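[1] Sequence unavailable; structure follows:
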């Protein structure tokens, strides 16, 4: 790696224009059409280097403009006469792949004849094969589906000129290390490579040293990982209080549009439905929502027809809607990176925003971790009181009366009716007006009863125990209490034919099934890795179509042959621990691993290439939505 590592403060306003960076003609027209005026820090540093043909490693957080940083140079140097793919962009999730593909299409709007193809699991092969036969210039895809096409011989990378690894660290966490290495090795040696990552772990650095040629490392340095224009607050609540807390916050906060983040796709639907029942314009999106439906929902949000979007992390990645003034973490994420991604949906491009996180009493450590990672304190907010809510409701009631009084024609027609009633019933006009308000309000009280104030929650004493994502009032309880009790509520156990002997880790299972089956990480329950097979908890409501998509999935080169698990009697029975076989893995020829909470830790300490010599870090546990 070169010694040049320019560092740029993302807060500094770039003085260059895109023309100064070497871009011209149709691309500048497209940028003007989408409203881009000056390049961001990562764009200003990266675009000239890529236009010159050099390899680049870009270290930058979300929301810094990474996509344009690599997409614009590729489009500027594209040979439209070549039908075989010239550029390949690898992304960790189908959502990100689709967003990158959409960005390419926006930037190429003024360039005729550019063909971009998204390639991801969950979509039928027929559409992708037809496009590849016709010829495409740029392929944007997930590692798993790209590998499938390479195995089938349907994707020709022999003439590839540009390769981009977008969010490379995320790809590693999802278990795509082996696939990424295989894809890189299947491409020409003289290609240009750009690697973008929010962090630089040792495995990413080894990858860049092996596959990039004398790359320039560009670091977008930020004082904090969340924007200073975002006001960050938290509210301590029990799980049962979350819905009431959200309802009160919606009443007292002055918001234009809001994203509410939940941990699972099932929760997105539940929360959105309960908000709609309260008369609010809310909709849910998650990782398994069809792209067409997602686009319609986002358009409604942009157009003001929808005010509240309830989403999972994956579904909201890359979302940039100017109206979003508030982000609410209904469920606090279980890692700080997800928190940064969530909060980054507001306060973008210099705008102000608010982020509110619901913290259960036992999630204090996660709050501390977030403050440490973002280097910004979160301010505790109080539960909106009944008096505050009532004041807001009365103000809106006054506004509705004022608005009605402005409708002179309708008022004049009703004035005679009210006058007739007052004359014949000898009732004061004020009483008639109050009675009409009762009719309009219906059975729902206008004002809250101050006597019904909820009990204020406080953090539980710190006993040194590890916070768990489901350690709240959902009844998940301690791990030991659930050991051996069968699948979790709402889940069914499935068996897949890969295990410790095949050097499989939970993150590989999550990555492969999520991308091929269109699942979100919140759709996964317990993962138990046995020597010859593995058990995975998936939602009991998993549709047959998703199982059909998963039937052809391969992990570590093996067909997983997914099927419902028949129980210990049908397995030939190991007595392993909750997340891995603790007995059969001791003293084997690979070094006698004792197993761990999520499977065999000893067999999976290899470097990025999957062997057991380099990276001595423990594998990451799966991160749910």
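    Received it, and whenever you're ready, just let me know what you need. Because the structure is a prediction, the values reported are computed rather than measured.
[2] can you give me the strands for the stretch 201-350 of the chain?
    216-221, 230-236, 257-261, 282-285, 308-311, 324-329 (DSSP state E, counting those that start in this stretch).
[3] Redo those strands as CSV? Include mean pLDDT.
    Below are the strands of the stretch 201-350 of the chain laid out as CSV (pLDDT from 0 to 100):
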stretch, mean pLDDT
strand 216-221, 84
strand 230-236, 92
strand 257-261, 94
strand 282-285, 92
strand 308-311, 94
strand 324-329, 94
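[4] Residue 543 is nearest to which of those?
    strand 282-285 (17.0 Å; CB to CB). C-beta: built from backbone N, CA, C; applies to glycine.
[5] quick one on the thing from earlier: want to throw the strands of the stretch 201-350 of the chain into CSV with mean neighbour count and distance to residue 514?
    As requested, those are exported to CSV (neighbours: other CB atoms under 10 Å; distance: least, CB to CB, whole Å):
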stretch, mean neighbour count, distance to residue 514
strand 216-221, 20, 28
strand 230-236, 20, 29
strand 257-261, 25, 18
strand 282-285, 24, 16
strand 308-311, 27, 16
strand 324-329, 23, 21
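[6] Next, format these as CSV and append distance to residue 509.
    Shown next, in CSV, are the strands of the stretch 201-350 of the chain (distance: least, CB to CB, whole Å):
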stretch, distance to residue 509
strand 216-221, 32
strand 230-236, 33
strand 257-261, 24
strand 282-285, 25
strand 308-311, 24
strand 324-329, 27
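[7] Would you mind saying which of those strands lies nearest residue 116?
    strand 282-285 (22.9 Å).
[8] contacts for the closest one?
    260, 265, 268-269, 271-273, 275-276, 293-294, 297, 300-301, 306-312, 315-316 (CB atoms under 8 Å, 6 or more residues apart in numbering).
[9] Which strands border it, and is each parallel or antiparallel?
    strand 308-311 (parallel) (DSSP bridges).
[10] Residue 202 and residue 178: what is the separation?
    17 Å (CB to CB, to the nearest Å).
[11] Neighbour count: those two, which is higher?
    When neighbours are counted by other CB atoms under 10 Å, residue 178 comes out ahead of the other of residue 202 and residue 178, with 19 against 13.
[12] Give me the average confidence score over the longest helix anywhere in the chain.
    Criterion DSSP state H: the longest helix present in the chain is helix 386-405. What helix 386-405 shows for mean pLDDT is 81.
[13] helices or strands next to it in the packing?
    helix 242-252, helix 408-425 (3 or more CB pairs under 8 Å, 6 or more residues apart in numbering; DSSP states H and E).
[14] picking up where we left off before, out of the strands of the stretch 201-350 of the chain, which comes closest to residue 424?
    strand 282-285 (45.0 Å).
[15] From the chain's centre, how far out is the closest one? Work that out for me.
    Relative to the centre of its chain, strand 282-285 is centred 15 Å away, using CA atoms, centre = their mean, to the nearest Å.
[16] what do you get for stretch 27-34?
    28 Å.
[17] swap in stretch 131-150?
    23 Å.
[18] centre of the chain versus stretch 155-165, how much separation?
    The answer for stretch 155-165 is 27 Å, by CA atoms, centre = their mean.
[19] Name the residues that touch it?
    70, 74, 77, 82, 84-90, 119, 132, 139, 146, 149-150, 171, 180, 183-184, 186-188, 191-197, 207.
[20] What's the end-to-end length of that stretch?
    18 Å (CA to CA, to the nearest Å).
[21] buried residues in that stretch?
    155, 157, 160, 161, 162, 163, 164, 165 (16 or more other CB atoms under 10 Å).
[22] Of those residues, which is the nearest to residue 111?
    residue 162 (15.6 Å).
[23] So for the closest one, what's the pLDDT?
    96.
[24] With residue 76 instead?
    94.
[25] Residue 377 now?
    At residue 377, pLDDT is 87.
[26] same thing with the one 5 residues further on?
    Model confidence at residue 382, expressed as pLDDT, equals 84.
[27] same thing with residue 600?
    The model's pLDDT for residue 600 equals 39.
[28] count of residues packed around the closest residue in space to residue 532 that isn't next to it in sequence?
    Distances taken as CB to CB, 6 or more residues apart in numbering put residue 499 closest to residue 532, at 4.8 Å, once the chain neighbours are dropped. Neighbour count of residue 499, defined by other CB under 10 Å: 22.
[29] and residue 499, how far is that from residue 246?
    42 Å.
[30] From the contacts of stretch 155-165, keep the buried residues only.
    70, 74, 85-90, 119, 132, 139, 146, 149-150, 171, 180, 183-184, 187, 191-197, 207.
[31] for the stretch 401-550 of the chain, what spans make up the helices?
    In the stretch 401-550 of the chain, the segments counted as helices under DSSP state H, counting those that start in this stretch are 408-425, 429-441, 479-482, 506-517, 544-551.
[32] make that the stretch 51-200 of the chain, sorry
    Under DSSP H, counting those that start in this stretch, the stretch 51-200 of the chain gives helices at 66-76, 94-107, 125-134, 143-152, 168-173, 177-185.
[33] again with the stretch 251-400 of the chain
    265-277, 291-303, 313-316, 336-343, 364-374, 386-405.
[34] Right, I'll call it a day here.
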